[in-house]
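Q: sequence first, predicted model second:
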Amino acid sequence: MVTPIPLSGVAVALDVGRRSHIALVGGGDKTTLLHALGDQLRGRVVLTTTTRMGADQHDGRRVLLDPTDDEVVAAADTAPVVVWTRVDGGKAIGVDPARCDAWFAATDHVVVRLTALAVGLVDALRVLGPAVRVLAIAALTADR
């Protein structure tokens, strides 16, 4: 049985601790969940993507384009920050996944929209279908 989780309580439902590196993978609502977590997590929070997303989908947050790691950490000290590589024709272009690991070493939370391929789930999604997408969106967290 699936129990719906109110968006306003997703960080509590996922049992996100004081530090987390969260990957959002799936067929939809990754951006909504990304920003909900940005609202709920405390401390230094980085929100990003490894794929493309609308350049207007920053939820009013400060956006850094191709910053240094030090710039990301400094910006995250004051409020959750959105990080992209660049904006091209109305689309925000995501970052290299390895950069997320570097930011996590120096911040409290990194929430990243991933492509299925980036985390090696593409074959599972093809075989198991939409139910895996829901689980991946809701449950792919990795506290360190």
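A: That came through, no problem. Numbering: from 1, shown residues only.

Q: if I pick Glu71, what's in contact with it?
A: Glu71 sits next to Leu64 when contact means CB atoms under 8 Å, 6 or more residues apart in numbering. (Glycine included, C-beta is placed from N, CA and C.)

Q: the helix or strand where it lies: which residues count as buried?
A: Element membership for Glu71, per DSSP states H and E: helix 69-76. Within helix 69-76, the residues that count as buried by 16 or more other CB atoms under 10 Å are Val72, Val73, Ala75, Ala76.

Q: hey, what's Val63 bridged with?
A: Beta-bridge partners recorded for Val63 (DSSP bridges): Val82.

Q: hang on, isn't it packed against Trp84?
A: Yes. The criterion here is CB atoms under 8 Å, and Val63 meets it with Trp84 at 6.6 Å.

Q: got any residues that touch both of the two?
A: Residues touching both Val63 and Trp84 (CB under 8 Å, 6+ apart) are Ala92.

Q: who's more crowded, the two?
A: Neighbour tally, Val63 and Trp84, criterion other CB atoms under 10 Å: the higher count belongs to Trp84, 23 against 16.

Q: contacting residues for that one?
A: Thr48, Thr49, Ala55, Val63, Leu64, Leu65, Asp66, Ala92, Ile93, Gly94, Val95.

Q: okay, now the second one: neighbour count?
A: This means Thr49. 25.

Q: going forward, count from 326.
A: Yes, from this point I'll number from 326; that puts the last item at Thr374.

Q: give me the beta-bridge partners of it?
A: Applying DSSP bridges, one finds that Thr374 bridges with Arg438.

Q: isn't it up against Ala417?
A: Yes. Contact between Thr374 and Ala417 holds when scored by CB under 8 Å: they sit 7.0 Å apart.

Q: what's opposite His434 in the beta bridge?
A: Going by DSSP bridges, His434 is paired in beta bridges with Ser345, Val370.

Q: all set, thanks.
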